[in-house]
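Asker: whatever this is, show me its structure:
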Amino acid sequence: MSKFILNIDTDLDKQIEKCEELIKKYEELGDKSKQVHFVTVKELAEMHRCSISTAQTLFNLPDFPAEDFRQRKGCIT
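Answerer: Next up is the predicted model:
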């Protein structure tokens, strides 16, 4: 019968520090996500003082950062 010795060398303090750092980054990301605000076509037209038609044209551009939310379009500001 042979013996098997397993030696696990871990620095728990270092691992805890890494976990705390990850938690802090996760919380910061959550705070930043609360700052995201979507505007509608009408709001974009008001912000840029242009017609709703012009704002709609902007929303329809392929490189414009817009999303469809059911029947309303929105973009991040």
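Asker: show me where this structure has its strands.
Answerer: Under the criterion DSSP state E, the chain carries strands at the ranges 38-39, 66-69, 72-76.
Asker: can you flag the weakest of these by average pLDDT?
Answerer: Per-segment mean pLDDT for the strands of the chain reaches its minimum on strand 72-76, at a mean of 58.
Asker: any regions of this protein where pLDDT drops low?
Answerer: Along the chain, segments meeting pLDDT under 70 span 1-9, 32-33, 67-77.
Asker: surely Thr54 meets Ala45?
Answerer: Yes. Contact status for Thr54 versus Ala45: in contact at 6.9 Å, counting by CB atoms under 8 Å. In this view, the C-beta of every residue, glycine as well, is placed from N, C-alpha and C.
Asker: can you give me the helices in the protein?
Answerer: Defined through DSSP state H, the helices belonging to the chain, from first to last, are 12-33, 41-48, 52-60.
Asker: and of those, who's closest to Ala66?
Answerer: With respect to Ala66, and counting by CB to CB, the nearest of these is helix 52-60 at 4.8 Å.
Asker: list the buried ones in that closest one?
Answerer: Buried residues in helix 52-60, counted by 16 or more other CB atoms under 10 Å: Ala55, Phe59.
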